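Colleague: need coordinates for the following:
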Amino acid sequence: MHTTQDSPVGSIGPTVFPPPLFAITSAKEVDAYVICVEGELDLSECPRLERALRKAEASHAIRILLDLEQLAFIDAAGLSVLVMAWRRSVSNGDRLRVSRGRDNVAHMFHLTALDTVLPFIRA
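Modeller: Numbers count the residues shown, from 1 in each chain. The predicted structure is shown next:
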């Protein structure tokens, strides 16, 4: 027999929130602007990444490092944001470097042949 214990009327137990599905953190280092992306990058989150990339591009950093190691998913819209950022970088100092990511993300780069085009950091 399975029993559960109810909370007293009017009391609220601890609130537990699930981890965010998407998060961006950025930091300015000595000569680099580092953007770390985690979770799931889909159409609804692309504007946030675009803003972060544009902010980095407006900085005086010598390098812009886009860390995708904690990214679990990327769709076509997310890939498009990366391609547009790469094109801007090529025409404006070639400052962007991207980590390849893992699992599904790295596989998407391979399937789309972007692994032969984007400026990946060598592992």
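
Colleague: and the contacts of the longest helix along the chain?
Modeller: Longest helix of the chain, by residue count under DSSP state H: helix 76-90. Here helix 76-90 makes contact (C-beta atoms under 8 Å, 6 or more residues apart in numbering) with 41-43, 45-46, 49-50, 53, 57, 64, 66, 95-96, 98, 108-109, 112, 114, 117-119. For the C-beta atoms, the positions are set from N, CA and C on the backbone; glycine is no exception.

Colleague: poorly predicted segments of this structure, please.
Modeller: 1-13, 17-20, 123 (pLDDT under 70).

Colleague: how about the helices in it?
Modeller: Under DSSP H, the chain gives helices at 46-58, 76-90, 103-111.

Colleague: for the second one, which positions count as buried?
Modeller: Of the residues in helix 76-90, those buried under the neighbour-count criterion (16 or more other C-beta atoms under 10 Å) are 78-79, 81-82, 85-86, 89.
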